[in-house]
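Q: predicted model, plus sequence, below.
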Amino acid sequence: MPIQENSSPLPQGLLTDDALPLYAQVAARLWADVSAGGARAGDRLPSERTLATRYGVSRVTMRAALTDLAARGMVESAAARGWFVAQPTAFSAPSGAPDVPGTGARTVEGFADYAAKHGLTTRSRVLQSTVRPATVAEAETLRVGPGTALFEMRRLRFLDDLVVVVEHNRVPLTLCPALTETDFTEASLYATLRSAEPVQLPRVADYSVEARQPDTTERELLEITDATPVLVAHQLAFNQDGRPLELTLAVYRGDRYHFRASITS
C-alpha cells in the first residue's frame, strides 16, 4: 500500500490544553501520509505492529487511531486480513450535519449554521485576529511544518444578543488566504472556508468537551457572576480530503450550551 516512509515518531509530552488526544494526532498523521502516498480504495495498510513502530506509539494507541479513522469511514477492517483504505463514499459526517448547497455532501455544523437553522440572530466581537507561525504542538496536530503561517482568531459570540461562547480558531493560512481580509464580526468562518479556492469543506471533526470553573477573563467575557461553570470544547475539523483544516478551543457558558451527539457502532 503506498504510504509515505518518512514519517517520524510523535514527540512525547506534546499534548497541551488545546491539543487533541495522542490517538487523534496519530490518526491525522496516518491519514495525511496515506493520502500523500497516493493510496486508493482497497489498498491494504501495513500491520498495526508496523504502523505503531513507524509512528513511535503503542499498539493500543495505533488501534485507537485506526478505529477513529474507521468511525469516519476512511479505513475499514477485515477479519484476519487487516486494515484497508475504505471506499470514498464511506467518508461521512456526523449525524445532523448540514448539507453543502449544490453538492449533496454533508459537512460539520458551525455556530452560524446552528443559528440559521434555528432562526436565531448571531453576532461576534473579534477579540484578536492575526497571522503568526504555528507552534510545534499546533504543527503536529494540523500536519503542517513548525512555523507555518496560521490564521488565528479569538471571538466572543452571541445568540439573540446573549453571550454564549469565547472561540479560539486556528487555520493554516494557505488553505484560505481570504481569511485575513474577512470581517468576522459578521461573516461565518465555515462559510468562508466553503467559498475558498480550492473549496475547503469541514467534512468531519474530532470533538471533546469537559466542564470546569471559568478563570477571571472568562468570567468577565461571558458575564458570569455566580457559580455557573464553563464547558470547554476541543475540536479538530478535517476537510473533504481528510486533511486537518481547523483547530478550535471554545469556552461556553454552561447554562447556555447543550451538547448532543448520535453514537453508532
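A: Noted; the coordinates are in hand. Since this is a predicted model, take the numbers as computed values, not measurements. Numbers count the residues shown, from 1 in each chain.
Q: which stretches of the stretch 151-265 of the chain form helices?
A: 189-194, 216-221 (DSSP state H, counting those that start in this stretch).
Q: switch the ones you listed over to CSV, and while doing so, append mean neighbour count to every line.
A: (Each C-beta comes from the backbone N, C-alpha and C, glycine too.) Output for those, formatted as CSV (neighbours: other C-beta atoms under 10 Å):
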stretch, mean neighbour count
helix 189-194, 20
helix 216-221, 13
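Q: the ones you listed: lowest mean pLDDT?
A: The stretch with the lowest mean pLDDT among the helices of the stretch 151-265 of the chain is helix 189-194, at a mean of 90.
Q: just to revisit the earlier point, may I see the helices of the stretch 151-265 of the chain organised as CSV, with distance to Val171 added?
A: CSV is the format used below for the helices of the stretch 151-265 of the chain (distance: least, C-beta to C-beta, whole Å):
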stretch, distance to Val171
helix 189-194, 7
helix 216-221, 22
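Q: how about the helices in the stretch 1-150 of the chain?
A: Going by DSSP H, counting those that start in this stretch, the stretch 1-150 of the chain shows helices at 22-36, 48-55, 59-71, 111-117, 136-142.
Q: got the angle for the longest one vs helix 48-55?
A: Using axes from the mean of the first three to the mean of the last three C-alpha atoms, to 10 degrees, the direction of helix 22-36 lies 90 degrees away from that of helix 48-55.
Q: got it, and the third one?
A: For helix 59-71 against helix 48-55, the angle between stretch directions is 100 degrees (the same axes, to 10 degrees).
Q: which elements pack onto helix 59-71?
A: The contact analysis (3 or more C-beta pairs under 8 Å, 6 or more residues apart in numbering; DSSP states H and E) places helix 59-71 against helix 22-36, helix 48-55, strand 75-78.
Q: need the ones you listed in a markdown table (columns: mean neighbour count).
A: Listed next are these as a markdown table, based on neighbours: other C-beta under 10 Å:
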| stretch | mean neighbour count |
| --- | --- |
| helix 22-36 | 22 |
| helix 48-55 | 17 |
| strand 75-78 | 16 |
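Q: would you map out the domains in the protein?
A: 22-90, 111-256 (automatic domain parsing).
Q: ends of the longest one, how far apart?
A: What it means is domain 111-256. 13 Å (C-alpha to C-alpha, to the nearest Å).
Q: quick one, what contacts Leu156?
A: 124-125, 127, 163, 165-166, 221 (C-beta atoms under 8 Å, 6 or more residues apart in numbering).
Q: repeat that for 6 Å
A: For Leu156, the contact set (C-beta atoms under 6 Å, 6 or more residues apart in numbering) comprises 125, 166, 221.
Q: and the domains of the chain, which one is worst for confidence?
A: domain 22-90 (a mean of 83).
Q: out of the helices and strands packed on helix 59-71, nearest to Gly242?
A: Closest approach to Gly242 among the helices and strands packed on helix 59-71 is made by helix 22-36 (4.7 Å; C-beta to C-beta).
Q: what sits up against that closest one?
A: 3-4, 7, 55, 57, 61, 64-65, 68-69, 74, 140-141, 143, 206, 242, 244.
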